[in-house]
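# task: produce atomic coordinates for the following.
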Amino acid sequence: MGEMNRREFIKSAAIGGAVLSIAGIKLHDPLQASASGKYEIGQCKSVRVKCVSEVGWLDTRKLGGQMRAAGGPKTSQWVIPWDPANAAGSCSLVDMETLDGQHHKFLLDTGWSHSYMDECFKREGIDEMLKSGEIEFLFISHEHLDHFWGLQTVLKYNPKIKIIIPATFYPEGMHLLKGAEFITPGACNRIPHQGQLVQLQIGQVNKLYEGCAAVAFDLPIVIRVRGEQSLYFNVKDKGLVCVTGCCHQNILTTAEFAREKIAGAEKMYGVYGGLHIAPFGPLQEKGEEIVKGMAKFNFKKVACNHCTGLPAVQKMIDLGYPVVQGSGKYGSKSKLYVGNGDEVVFA
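Residues are numbered from 1 along each chain as shown. You can find the predicted model right below:
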């Protein structure tokens with residue numbers, strides 16, 4: 001797998017100097033707006049999303065306690081001594097079909113714990129898809145540990161896979177891609193990325209396939225992470241689907257951006273992923289406003305999970321939203337939302 005020896009590996013982990021160079025790094029060429037001021041991303045036939053894992057961590061109280069003990073939400077995730085026994089991870093497999101019947105598969109995020117994610121990959125056949133090249137690229141929504149630190153689990157099956165990240169990554173994240181170990185937080189990647197690395201600039205519409213585009217949003221996020229990128233799919237005869245990792249920019253911002261910038265987004269069809277509403281406890285006033293605000297987009301399918309707290313999901317159900325429920329299997333915390341091993345189709 002092209003792994004480094006121990007001496008080379010530890011040497012590469014030093015941080016504080018220049019960012020390590022990575023072969024093949026480039027900026028994606030964004031779309032140009034049409035005469036109407038909107039971006040034409042085309043249409044696709046369908047989007048199928050398999051939840052590989054939505055359980056970012058096992059014990060929320062333990063996670064919060066470790067963060068507070070290290071200085072609180074403004075402390076860098078790279079200096080907090082996280083408990084490896086509490087790590088799981090968020091990762092989904094996206095399979096979109098173009099109008100001509102071609103399928104394109106890619107991973108949304110990598111999860112956190114290497115061993116946990118490897119079990120998930122083998123359970124869902126992701127390991128074999130990566131080996132064969134069936135999965136075309138890895139899309140990292142943002143730099144948080146439960147979405148990105150499982151990188152080695154992907155690279156051990158395909159170290160040359162194309163990776164797309166927002167251009168807001170910090171030096172530590174770039175080091176992890178190159179191959180590094182961070183002793184205190186327990187972040188480790190022993191398999192340097194050998195493939196193309198693509199960075200998406202903030203606020204630009206980047207067409208990935210016909211009917212599929214990505215946009216990176218700029219915002220500060222807890223434990224010193226910046227920026228998150230999300231996906232948009234324009235499903236023929238149905239409308240726009242928003243696919244997120246954690247949606248720290250919030251779902252109202254995500255959907256409103258589409259309505260203002262993407263042709264065909266006047267009609268919303270669905271949403272999949274974490275919505276970062278009440279992730280650690282009861283539904284507060286701000287979160288309730290976001291949930292109520294979703295009504296104006298009239299989503300036909302709401303397949304939320306991960307950092308969408310159960311109080312938020314229950315509020316959506318109480319308001320009559322078409323929440324897609326799951327099976328509660330493989331360690332998912334509830335059947336109220338799409339969980340581990342569950343699948344949702346927008347078609």
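# hey, let's count contacts and neighbours off CA atoms from now on
Noted.
# residue 257 belongs to a strand, doesn't it?
No. Applying DSSP: H, G, I helix; E, B strand; the rest coil, one finds residue 257 to be helix, outside a strand.
# run a quick neighbour tally on it.
For residue 257, the number of neighbouring residues by other CA atoms under 10 Å comes to 15.
# low-confidence ranges, this protein, go.
The chain contains residues with pLDDT under 70 at 1-25.
# now do the contacts for residue 233.
The neighbours of residue 233, taking CA atoms under 8 Å, 6 or more residues apart in numbering as the test, are 43, 44, 47, 211, 212, 213, 240, 241, 242.
# give the pairing partners of the host helix or strand of residue 241; include direction for each.
For residue 241, the enclosing helix or strand under DSSP states H and E is strand 239-243. With DSSP bridges as the test, strand 239-243 is paired with strand 225-235 (antiparallel), strand 268-274 (parallel).
# reformat those strands as a markdown table; add distance to residue 185.
What follows is those, written out as a markdown table (distance: least, CA to CA, whole Å):
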| stretch | distance to residue 185 |
| --- | --- |
| strand 225-235 | 15 |
| strand 268-274 | 24 |
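# what about the strands in the stretch 101-250 of the chain?
Across the stretch 101-250 of the chain, reading from the start of the chain, the strands by DSSP state E, counting those that start in this stretch fall at 103-108, 135-139, 162-166, 180-182, 187-189, 197-200, 206-209, 212-221, 225-235, 239-243.
# for residue 330, which of those strands is the nearest?
Taking CA to CA as the criterion, residue 330 comes closest to strand 103-108 out of the strands of the stretch 101-250 of the chain, the separation being 19.0 Å.
# could you dump the strands of the stretch 101-250 of the chain into TSV and include distance to residue 173?
Formatted as TSV, these follow (distance: least, CA to CA, whole Å):
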stretch	distance to residue 173
strand 103-108	17
strand 135-139	14
strand 162-166	10
strand 180-182	9
strand 187-189	10
strand 197-200	12
strand 206-209	22
strand 212-221	15
strand 225-235	10
strand 239-243	23
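# nearest to residue 115, of those?
Of all those, strand 187-189 sits nearest to residue 115, with 12.3 Å by CA to CA.
# and that closest one, what does it pack onto?
With contacts taken as 3 or more CA pairs under 8 Å, 6 or more residues apart in numbering; DSSP states H and E, strand 187-189 sits against helix 151-155, helix 171-178, strand 180-182.
# which residues does the strand holding residue 241 contact?
Among residues not part of strand 239-243, those counted as contacts by CA under 8 Å, 6+ apart are 230-235, 254-255, 264-273, 346.
# now list the buried members of those residues.
Burial of the contacts of strand 239-243 was assessed by neighbour count (16 or more other CA atoms under 10 Å); the buried members are 230-235, 254-255, 264-265, 267-273, 346.
# for the residue positioned nearest the centre of the chain, grab phi and psi.
Per CA atoms, centre = their mean, the C-alpha nearest to the average position across the chain is that of residue 245, at 3.1 Å. The main-chain torsion angles of residue 245 are listed as degrees, to the nearest 10 and equal phi -90, psi -70.
# how close does it sit to residue 118?
Applying CA to CA, to the nearest Å, one obtains 19 Å for the distance of residue 245 from residue 118.
# how about residue 295?
According to CA to CA, residue 295 stands 38 Å off from residue 118.
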